[in-house]
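Novice: quick one, structure for this:
(one chain, ligands or ions: 2)
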Amino acid sequence: MQEQKILVWDAPTRVFHWLLVASFAGAFLTAESERYRDIHVLCGYTALALLAFRLLWGFVGSRYARFASFRYGPARVGAYLRSLLSGRPEHHVGHNPAGSWAIYALILLGLLTASSGYAVFGDWGGEWLEEVHEAFANTMLAVVAVHVTGVVVGSLLHRENLARAMVTGYKSGAPEQAIRRPAWWAAALLLAAAVAFWTGAIPAPGLDGAAVRLERTASHGQHAQKWDTD
Ligand code: HEM
Ligand code: HEM
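Specialist: Residues are numbered from 1 along each chain as shown. Ligands and ions are numbered 1, 2, ... in the order given. Next up, the predicted model:
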């Protein structure tokens with residue numbers, strides 16, 4: 001089989017991935033402070049919307065973005081892990097079996113974290129709900145650590161920079177395995193929606209205009225309260 005650089009990850013999958021990384025990191029870094037609560041909530045909503053998009057894209061997206069292309073049972077995961085230990089790792093053009101489990105866990109935990117955050121924000125429960133939200137977030141952080149370790153180990157064993165592939169979309173494979181179109185239109189729509197949300201053109205439930213929010217965060221003081229009521 002003639003191996004060359006072929007397009008594997010379409011543009012919306014890549015944009016989704018890096019926006020999810022940014023919003024998850026943003027939500028985590030702002031989680032503990034009252035002052036940054038609005039930013040925390042904005043990051044959390046962004047993650048939730050991104051994951052909703054990914055669920056849809058998993059059915060209508062290109063070949064390797066479709067869930068059907070990375071549905072592996074425990075036997076396949078075991079065989080893949082054994083192949084890593086044997087020093088002759090199975091090569092997968094799309095997601096490998098072990099990686100696919102981490103991805104499903106991240107999507108599920110992201111949905112649970114963000115929706116429990118929404119419930120905390122809306123005061124639907126007491127302190128127990130805050131604990132649940134925090135526990136989901138911390139479990140997700142642990143899976144992110146496993147995921148990133150898997151990416152590093154996989155990159156070393158396959159001698160292929162997988163993180164760079166998630167940026168450029170290109171991996172090695174046979175020409176007939178390539179996807180045909182990067183679907184830039186869907187990536188552009190996703191980015192436009194994110195910009196509209198962060199500039200306040202799409203309102204966030206429970207928060208007032210984005211400009212006011214950001215000013216309030218920047219000045220975090222008495223007169224910010226005054227702007228609030230303007
Ligand atoms: C908050 C942190 C992160 C989250 C929530 C996350 C989540 C995900 C998800 C959901 C996918 C599946 C992509 C798809 O098919 O839509 C994925 C794949 C991937 N991620 Fe991440 N990720 C994170 C951090 C990172 C980092 C820091 C790197 C780079 C070092 C990375 C590299 C990759 C790569 C290379 C893939 C493709 C895996 C493969 O080759 O099968 N991720 N990630
Ligand atoms: C991926 C997304 C999210 C992550 C990683 C995350 C993470 C966290 C963490 C770790 C805490 C605990 C902070 C502490 O130590 O007290 C927290 C608190 C909180 N989060 Fe989130 N969160 C996310 C999404 C959301 C969303 C979507 C909302 C609202 C719509 C939200 C609302 C809140 C609120 C109101 C608190 C404060 C709870 C309290 O008073 O203790 N979060 N979040």
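Novice: need the strands for the protein, in chain order.
Specialist: 4-7, 170-173 (DSSP state E).
Novice: any part of the last one near ligand 1?
Specialist: No. Applying Cβ under 6 Å from any ligand atom, one finds that strand 170-173 is not in contact with ligand 1, the shortest distance being 7.6 Å. No exception for glycine: its C-beta is placed from N, CA and C like everyone else's.
Novice: strand partners of that strand, parallel vs antiparallel please.
Specialist: Strand 170-173 pairs in its sheet with strand 4-7 (antiparallel), by DSSP bridges.
Novice: how about the residues of this protein by ligand 2?
Specialist: Residues of the chain lying close to ligand 2 by Cβ under 6 Å from any ligand atom are 24, 27-28, 31-32, 40-41, 44-45, 47-48, 110, 113-114, 117-118, 120-121, 130, 133-134, 137.
Novice: that older thread, among the strands of the chain, which is the most enclosed?
Specialist: strand 170-173 (a mean of 19; mean count of other Cβ atoms under 10 Å).
Novice: so how far is it from its chain's centroid?
Specialist: 22 Å (Cα atoms, centre = their mean, to the nearest Å).
Novice: and stretch 175-184, end to end?
Specialist: 21 Å (Cα to Cα, to the nearest Å).
Novice: likewise for stretch 58-71?
Specialist: Stretch 58-71 has an end-to-end distance of 11 Å (Cα to Cα).
Novice: neighbouring contacts of it?
Specialist: 8-10, 12-13, 57, 93-95, 97, 100, 103, 179-181, 183, 186 (Cβ atoms under 8 Å, 6 or more residues apart in numbering).
Novice: only the buried residues of it, if you could.
Specialist: Buried positions in stretch 58-71, judged by neighbour count with 16 or more other Cβ atoms under 10 Å: Gly58, Gly61, Ser62, Tyr64, Ala65, Phe67, Ser69, Phe70.
Novice: mark which of those residues are part of helices, please.
Specialist: Among the buried residues of stretch 58-71, DSSP state H puts Gly58 in helices.
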